[in-house]
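J.: Here is a sequence together with a model predicted from it:
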Amino acid sequence: MKTTTRLLLATLLFLTVSVSSGQENCGECHEDVAFDSPAHPEAMCTDCHTNVPPEHDDSDLEPLTDEESCGDCHRRPLREIGRSAHAGESACGDCHGDPHFIHEVADPASAVSAVNQVQYCGACHDEPPELVESFLVSEHGKALLLSGLAQAPSCASCHGAHDIRGADNPRDPTSHAKSPEMCGSCHVGLLEPWQTGSAHGMAWQEGNEDAPVCVDCHSSHGIADPAERDTRLASAGNCGGCHEEQHRTFSQGFHGKAINLGMAASATCADCHTPHRNLPADHPESTVHQDNLVATCGACHEGISASFVSFDPHNDPTDPDDNFIVYVVWAFMIGLLLSVFGFFAIHDTLWLQRAVVGVLRGEYEEEAESGGQYVRRFSKGNIWLHVTIIVTFLLLALTGLPLRFDNAAWAQQLITLLGGLESARIIHRIAAIGTFAYAAIHLGQLFARAVVRREKGLFWGPNSMVPQPKDFADLVGNFRHFIYLGDRPQGDRWNYIEKFDYLAVFWGVMMIGLSGLMLWAPIWFTQFVPGWVLNAAYVVHSDEALLATGFIFIFHFFHTHLRPESFPMDIVIFTGKVSLERFKAERPLEYQRLVDSGELESYLVDPPTASERRNAYFWGSLALFIGLALAIGIITALLTSSPAPQALEFVAQAGQP
């Protein structure tokens, strides 16, 4: 017994000395190799270098494989890697780092620790660059790398460690079939409601491979906070990737246009349909079911009535099968736009060519800059009224047109310049109040003249703005003059173009003003009218604004300033004075009437002063420049926009005989 015990002790002592001497023997040759692995503190050289005999030459050694160096201890990970996307592509050291310095996975110094995975995985997965870059700025990346939350997701949290198969493999946790559960392992409170209470989740559970899952809406590597401004602004576009038609109609309404112009407070898809409990509109539990709309819309629009919710945020006014009354309103406005623009395009093109010929022939006398006799054409009250119209109209155009053409680059830059859509809305409403004010003042003046002072000739006669037979005769006469078949008709105090401009203001203020008030105070108005009237008001306001701005900035500017006879600017409306010679040439009938009545002397005034001329040219040029810039913006936006298919069909039919 004693002999046996002595033999065992001797054997153990021999083995111990052999091992230690083996380790020491490696160091004798490989003194430049360091070994400091917290994960393998007791490992000996030969535990990993299994292909190395005691006596060896480097030239005799075959390269070590993972199976040879790691397989004896880590068999299961190697089996998993063999079935993974990394099989034959990556070695253990590619991920875990230098084998002599391998740390425990939980150690922050480990190459595969949560905080270092992005760097090591990104060394291979660097195409496209956004793969890693988007993760670094994502909510997951910021939580992990900036906030230092070790529990925050890293690469392996979603993709796995050794058994990564790739998203196209149905068994991979990031695949369409598995990713909701993978995300739900952390977002526990969202998975169950999405699975059982949303159209997306129920379709996914039924095996529909086209059903949207988490990454389709939130993305995979660039996940952002849904409450952040940029995320809210982009969310409708994400939904539109599947719901194209709904996104198109949403984008044409106020909510969509406001989102497109950077107003993050505007309602987006998830605000109405909810993000994880979205159900079809005919489902009783859907937030957009008819019975639930008051609560859904009331979350933003407090105090609404049941009538309000007949407003359709997805209404397509160009579709007669949507809301026929709104379609009729749209068709009327389009017809009005085409007829007005079409008529004046023909009228003014003919006028332009005739005026150019007239200038070349010397038919028009150039007005002297100073000296000579002048006639008072407008009172100071008229001048200031027109200035008020110019200022309010330009402000309305500057703040309203970007909403009409929200996709145009100039519109978005203009809104930014104005301080955002909220600021633009305030300016727009102030200008609207100014518009109502000058309209009320002018109507009050007309009432006083007609009723109080009983002024004659206000509604009929040469001084009236009411169209009369002579205006229609002058229209025909002008067309004959334009095509060289007759002389220019003799003008009176007002010509048919000036009367059209004047009456168009009444029409515009009424149409734009009433529709604008409805859009300004929708909750109050829907106490008396159904919500779909707001859809009609939106069409009227938008198209009438386009009609007004397009006409003023193109045709009115030509009639008053840009025609060759008065180019580059007619300053009469700013000074109120016109030279007597020009007065005789342009309005011979009024001139003769004043001469015959002996009233001409009372109309004669001194020429505009140099200061009056400078002010008129400066402020007039500024207004003209703004108007022409907006006109160019309108034209380019119309030429580059994509109208609804129904609109194209309507216009095509309207052009057929």
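T.: Here it is on my side, so go on.
J.: From one end of stretch 549-560 to the other, what's the distance?
T.: 15 Å (C-alpha to C-alpha, to the nearest Å).
J.: Which residues does it contact?
T.: 337, 340-341, 344, 348, 351-352, 393, 397, 401, 497, 501, 504, 566, 570, 573, 624, 627-628, 630-631, 634 (C-beta atoms under 8 Å, 6 or more residues apart in numbering). Any C-beta I mention is one placed from the backbone N, CA and C, and that applies to glycine too.
J.: Name the nearest residue to L403, ignoring sequence neighbours.
T.: In this structure, L403 finds its nearest non-sequential neighbour in K257, 5.3 Å apart by C-beta to C-beta, 6 or more residues apart in numbering.
J.: What's the separation between the one you found and I632?
T.: Going from K257 to I632 by C-beta to C-beta, to the nearest Å gives 21 Å.
J.: These two: which has the busier surroundings?
T.: K257 (22 against 12; other C-beta atoms under 10 Å).
J.: Let me know whether the residue nearest to L403 touches S251 as I believe.
T.: Yes - using C-beta atoms under 8 Å, K257 is in contact with S251, at 7.1 Å.
J.: Can you tell me what sits against the helix or strand where the residue nearest to L403 lies?
T.: Using DSSP states H and E, K257 maps to helix 254-260. Residues outside helix 254-260 that contact it (C-beta under 8 Å, 6+ apart) are 232-233, 236, 247, 250-251, 266-268, 313, 403, 406-407, 412, 421, 519, 538.
J.: how does it look with 10 Å?
T.: Here helix 254-260 makes contact (C-beta atoms under 10 Å, 6 or more residues apart in numbering) with 232-237, 240, 247-251, 263-269, 271-272, 300, 313-314, 402-407, 411-412, 415, 421-422, 425, 519, 534, 538, 542.
J.: can you check stretch 28-37 too?
T.: 23, 26-27, 41, 43-45, 48, 56, 58, 96-104.
J.: Can you measure across it, start residue to end residue?
T.: 20 Å.
J.: Likewise for stretch 581-600?
T.: End-to-end distance (C-alpha to C-alpha), stretch 581-600: 13 Å.
J.: Would you tell me what the next helix or strand after the helix holding K257 is?
T.: Next element after helix 254-260 (DSSP H and E): helix 269-273.
J.: what helices or strands is that next one leaning on?
T.: With contacts taken as 3 or more C-beta pairs under 10 Å, 6 or more residues apart in numbering; DSSP states H and E, helix 269-273 sits against helix 229-240, helix 244-252, helix 254-260, helix 293-298.
J.: and the ones you listed, which is most packed in?
T.: Most buried of the helices and strands packed on helix 269-273 by mean neighbour count (mean count of other C-beta atoms under 10 Å) is helix 254-260; its value is a mean of 22.
J.: Measure how far that helix is from the centre of its chain, please.
T.: 6 Å (C-alpha atoms, centre = their mean, to the nearest Å).
J.: Please apply the same query to stretch 431-446.
T.: With C-alpha atoms, centre = their mean as the basis, stretch 431-446 stands 34 Å off its chain's centre.
J.: Which residues does that stretch contact?
T.: 381-382, 384-389, 391-400, 455, 458-459, 465, 505-506, 508-510, 512-513, 516-517, 520.
J.: Among those, the buried ones, what's the PyMOL command?
T.: In PyMOL syntax, the buried subset of the contacts of stretch 431-446 is picked out as below (16 or more other C-beta atoms under 10 Å):
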select buried, resi 385+388+389+392+393+394+395+396+397+398+399+400+465+505+508+509+512+513+516+517
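J.: For the stretch 451-600 of the chain, which segments are assigned as strands?
T.: Applying DSSP state E, counting those that start in this stretch to the stretch 451-600 of the chain gives strands spanning 577-579.
J.: so where is it shaky, pLDDT-wise?
T.: Within the stretch 451-600 of the chain, no range satisfies pLDDT under 70.
J.: Test my guess that V540 contacts I512.
T.: Yes - V540 is within contact range of I512, at 7.7 Å (criterion: C-beta atoms under 10 Å).
J.: Flag every buried residue along the longest helix along the chain.
T.: If you go by DSSP state H, the chain has its longest helix at helix 324-361. Judged by neighbour count (16+ other C-beta under 10 Å), helix 324-361 contains these buried residues: 326-327, 329-331, 333-334, 337, 340-341, 344, 347-348, 351, 354-355, 358.
J.: Pull the distance from stretch 231-245 to the chain's centre.
T.: 12 Å.
J.: what about it, average pLDDT?
T.: Stretch 231-245 shows a mean pLDDT of 89 in the predicted model.
J.: which of the residues in stretch 439-457 are buried?
T.: Buried residues in stretch 439-457, counted by 16+ other C-beta under 10 Å: 439, 442.
J.: tell me, what residue is most central in the chain?
T.: N260 (1.7 Å; C-alpha atoms, centre = their mean).
J.: Can you tell me how far it is from G240?
T.: Distance from N260 to G240, by C-beta to C-beta: 12 Å.
J.: what touches both of these two?
T.: Common neighbours of N260 and G240 (C-beta under 10 Å, 6+ apart) are S251.
J.: rewinding a little: pull up the overlap in contacts between K257 and S251.
T.: Common neighbours of K257 and S251 are listed as 406-407 (criterion: C-beta under 10 Å, 6+ apart).
J.: For ChimeraX, what selects the buried ones among the contacts of helix 254-260?
T.: In ChimeraX syntax, the buried subset of the contacts of helix 254-260 is picked out as below (16+ other C-beta under 10 Å):
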select :232,233,235,236,240,247,248,249,250,251,263,264,266,267,268,269,271,272,313,314,402,403,404,405,406,411,412,415,421,425,534,538,542
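J.: Now do the helices in the stretch 1-150 of the chain.
T.: All helices of the stretch 1-150 of the chain, identified by DSSP state H, counting those that start in this stretch, fall at 2-29, 45-48, 66-69, 75-82, 92-96, 117-122, 130-136, 139-145.
J.: gap between stretch 311-329 and the chain center?
T.: Put simply, stretch 311-329 sits 22 Å off its chain's centre (C-alpha atoms, centre = their mean).
J.: nope, stretch 101-114 is what I was after
T.: Counting by C-alpha atoms, centre = their mean, stretch 101-114 comes out at 45 Å from the chain centroid.
J.: For it, give me every contacting residue.
T.: By C-beta under 10 Å, 6+ apart, stretch 101-114 touches 34-40, 43, 92-98, 115-117, 119-121, 144-145, 148-157, 161.
J.: Could you rerun that using 7 Å?
T.: Stretch 101-114 is contacted by residues 36-40, 95-97, 115-116, 120, 144, 150, 154 when judged by C-beta atoms under 7 Å, 6 or more residues apart in numbering.
J.: now swap in stretch 567-577 and tell me
T.: So stretch 567-577 is contacted by 374-380, 382-383, 386, 560-561, 578, 605, 607-608, 612-613, 616-617, 620-621, 624 (C-beta under 7 Å, 6+ apart).
J.: Helices - which of those land there?
T.: Judged by DSSP H, helices contain the following of the contacts of stretch 567-577: 380, 382-383, 386, 612-613, 616-617, 620-621, 624.
J.: which one of the residues you listed sits closest to D291?
T.: Nearest to D291 out of the ones in helices among the contacts of stretch 567-577 is H386 (C-beta to C-beta; 53.2 Å).
J.: Could you pull up the residues touching the closest one?
T.: Contact analysis of H386 by C-beta under 7 Å, 6+ apart lists I573.
J.: Can you tell me how far it is from I571?
T.: In this structure, H386 and I571 are 12 Å apart, going by C-beta to C-beta.
J.: burial count for S179?
T.: Residues near S179, counting by other C-beta under 10 Å, number 20.
J.: Could you check the pLDDT of the nearest residue to it once chain neighbours are set aside?
T.: Once flanking residues are discounted, S179 sits nearest to V213: 5.3 Å by C-beta to C-beta, 6+ apart. Note for V213: predicted pLDDT of 93.
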